[in-house]
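Enquirer: compute the structure for the input listed below.
(one chain, ligands or ions: 3)
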Amino acid sequence: MLPDKDGPGVGGGQSVPGADDPSVGLFREYLRLRTVHPEPDYDAALRFLNRIAEELELPITKIEVCPGRVVTIMTWEGTKPTLKSILLNSHTDVVPVFQEHWKYDAFSAFKDAEGNIYARGSQDMKCVTIQYIQAVRRLKAEGWKPMRTVHLMFVPDEEVGGHKGMETFVKHPEFQKLNVGFALDEGLANPGEGFTVFYGERNPWWITVHCPGRPGHGSRFVENTAAEKLRHVINSFLDFREKEKHRLNTSECFTLGDVTTVNMTMVKGGVAYNVIPAEMDVSFDLRIPPTVNLQVWKHKHMNQSVTSTDENDPWWSAFSATCKAMNMTLEKEIFPAATDSRFIRAVGIPAIGFSPMNRTPILLHDHNEYLNEQVFLKGIIVYEKLIPALAGVSAFPEEA
Ligand SMILES: CSCC[C@H](NC=O)C(=O)O
Ligand SMILES: [Zn+2]
Ligand SMILES: [Zn+2]
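Expert: Ligands and ions are numbered 1, 2, ... in the order given. Below you'll find the model as predicted:
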């Protein structure tokens, strides 16, 4: 048996010996880059992507959309480059870890005896980045050429809302130039046999309610205090939360994407035990499904566009027929959280959220995030079929 060429895992004992499949080796190498908030090492990601572009012999474009925030695009030009292109999007950043709760160093990409690779980003979404890259590498090696142009795009800052990444970039002239017709972006793992695909997202509403009130001595019954108002606000939000919680798993609401979630996530206020404060703040994270009518909220309308999963839709039918041909069962859902797909859909481009991970617990943002190497490798084969299917979607009448 060969020694593990990646050396021992850090902080959790030895990785299992044996040479990695080259795709697994590349995945583990990418997982070790510390593109973690609050200060992601984006330079390391850029160096890595530069090297990949050279290996794939694809032209690379870098656009600094905000200071220190670079969007990288590798373009595989199609044989009919005037047709709408296919966008394969992934974000390079990952969320922080609580290392004390991990079995292994979260940036060592430790592989255990079952082939489970532990690292922050193993599911969200460094797996998909490497799967796109390896699928393109194999298709190129086979001599296959796309009809529609394929863009691989790598964006920063998704995990902090995408404001200095995709949200800004979709309004940039360089984005228009890509002439995107259809996009793939991240999804979630599925613990069962099926694969989940996301055709829309809930709207995130982050609300802080400011409660001013009469201050005074902590020993008195002061009227109209901040705390009394705060209690009223908290009760209203949490009563609504109870109602929505009961709606889940009943009637037509089967997944989180079908109901509104509410969580009280921050409270602020107070200076001393015996001083009634003049103000208190409470913050809530709400996620609202696209089926809820937001028009009634005059001041807070947000984009609720969803992507067609009609069997007559050419993009969806190419996507779903390819999966069906591979005996994959698709489960269509609304994404419970928020990804960069929402910015793509908001500019009128259909996008499907899809991370090919079945038989895998959903561990994004969690302790001990991992992905099994066999599931990861199967995902490359999935993209090897999906990319030709999407890049081969016949020209529409308006494209001719
Ligand atoms: C509302 S912007 C924040 C985006 C973030 N995305 C991934 O977790 C989320 O909380 O859903
Ligand atoms: Zn993600
Ligand atoms: Zn995430």
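
Enquirer: neighbours of the nearest residue to residue 125 once chain neighbours are set aside, just the number please.
Expert: Distance criterion C-beta to C-beta, 6 or more residues apart in numbering; nearest residue to residue 125, sequence neighbours excluded, is residue 186 at 4.2 Å. Just so you know, the C-beta spots here come from the backbone N, C-alpha and C atoms, and that holds for glycine as well. By other C-beta atoms under 10 Å, 23 other residues sit near residue 186.

Enquirer: residues in contact with residue 186?
Expert: For residue 186, the residues meeting the contact criterion (C-beta atoms under 8 Å, 6 or more residues apart in numbering) are 90, 91, 124, 125, 128, 339, 341, 353, 354, 355.

Enquirer: mind listing the strands for the stretch 251-400 of the chain?
Expert: Taking DSSP state E, counting those that start in this stretch, the strands of the stretch 251-400 of the chain run over residues 261-269, 275-276, 279-288, 330-335, 351-353, 370-372.

Enquirer: got CSV for those strands, with mean pLDDT too?
Expert: Formatted as CSV, those follow (pLDDT from 0 to 100):
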stretch, mean pLDDT
strand 261-269, 98
strand 275-276, 98
strand 279-288, 97
strand 330-335, 97
strand 351-353, 98
strand 370-372, 98
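
Enquirer: who are the contact partners of the closest residue to residue 123 other than its chain neighbours?
Expert: Nearest residue to residue 123, sequence neighbours excluded (C-beta to C-beta, 6+ apart): residue 364, at 5.1 Å. Going by C-beta under 8 Å, 6+ apart, residue 364 touches 123, 124, 188, 189.

Enquirer: how near is residue 364 to ligand 1?
Expert: Distance, residue 364 to ligand 1, using C-beta to the nearest ligand atom, to the nearest Å: 7 Å.

Enquirer: residue 262 too?
Expert: Counting by C-beta to the nearest ligand atom, the separation of residue 262 from ligand 1 is 14 Å.

Enquirer: quick check: bridge partners of that residue?
Expert: In this entry, residue 262 is beta-bridged to residue 286, by DSSP bridges.

Enquirer: low-confidence regions, this structure specifically.
Expert: Within the chain, the ranges that satisfy pLDDT under 70 run 1-17, 298-301.

Enquirer: could you redo the last one with a cut-off of 90?
Expert: 1-19, 249-254, 291, 293-304, 400 (pLDDT under 90).

Enquirer: for this protein, what lies in contact range of ligand 2?
Expert: Listed as neighbours of ligand 2 in the chain under the rule C-beta under 5 Å from the ion: 124, 125, 186.

Enquirer: which residues of the stretch 101-250 of the chain fall in helices?
Expert: With DSSP state H, counting those that start in this stretch as the criterion, the stretch 101-250 of the chain has helices at 126-141, 166-169, 173-178, 226-247.

Enquirer: now tabulate those helices in TSV and tack on mean neighbour count.
Expert: Formatted as TSV, the helices of the stretch 101-250 of the chain follow (neighbours: other C-beta atoms under 10 Å):
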stretch	mean neighbour count
helix 126-141	22
helix 166-169	22
helix 173-178	14
helix 226-247	14
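
Enquirer: format the ones you listed as TSV; extra columns: distance to residue 70.
Expert: Below are the helices of the stretch 101-250 of the chain laid out as TSV (distance: least, C-beta to C-beta, whole Å):
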stretch	distance to residue 70
helix 126-141	15
helix 166-169	10
helix 173-178	12
helix 226-247	39
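
Enquirer: looking at the residues of the chain next to ligand 2, which is nearest residue 327?
Expert: Of all these, residue 186 has the smallest distance to residue 327: 23.0 Å, by C-beta to C-beta.

Enquirer: can you tell me how far that closest one is from ligand 1?
Expert: Taken as C-beta to the nearest ligand atom, the span from residue 186 to ligand 1 is 9 Å.

Enquirer: okay, that residue and residue 272: tell me how far apart.
Expert: Note on residue 186: its distance to residue 272, by C-beta to C-beta, to the nearest Å, is 46 Å.

Enquirer: now swap in residue 128 and tell me
Expert: 50 Å.

Enquirer: quick one, helices of the stretch 251-400 of the chain?
Expert: All helices of the stretch 251-400 of the chain, identified by DSSP H, counting those that start in this stretch, fall at 314-325, 341-346, 373-391.

Enquirer: and of the ones you listed, who's closest to residue 70?
Expert: Among those, the nearest to residue 70 by C-beta to C-beta is helix 341-346 (16.9 Å).

Enquirer: outside of the closest one itself, list whatever touches it.
Expert: Helix 341-346 is contacted from outside by 87, 89, 162, 166-167, 170, 180, 183, 185-186, 198, 200-201, 303, 305-307, 335, 351-353, using C-beta under 8 Å, 6+ apart.

Enquirer: nearest to residue 260 among the contacts of residue 186?
Expert: Out of the contacts of residue 186, the member with the shortest distance to residue 260 (by C-beta to C-beta) is residue 339, at 18.3 Å.

Enquirer: residues near that closest one, how many?
Expert: For residue 339, the count of nearby residues is 24 (other C-beta under 10 Å).

Enquirer: again, but for residue 46
Expert: Neighbours of residue 46 under the rule other C-beta under 10 Å: 17.

Enquirer: now it: which helix or strand?
Expert: Per DSSP states H and E, residue 46 falls inside helix 42-56.

Enquirer: same question, residue 25
Expert: Using DSSP H and E, residue 25 sits within helix 22-31.

Enquirer: can I get that helix in CSV, CA atoms only?
Expert: Included here for helix 22-31 are C-alpha records, laid out as CSV according to Å, rounded to 0.1, in the frame of the first residue of the first chain:
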residue,chain,number,x,y,z
PRO,A,22,-6.7,12.5,-8.2
SER,A,23,-10.1,14.2,-7.9
VAL,A,24,-10.3,13.4,-4.2
GLY,A,25,-6.7,14.7,-3.8
LEU,A,26,-7.7,17.9,-5.5
PHE,A,27,-10.8,18.2,-3.3
ARG,A,28,-8.8,17.7,-0.1
GLU,A,29,-6.2,20.2,-1.3
TYR,A,30,-8.9,22.9,-1.9
LEU,A,31,-10.6,22.1,1.5
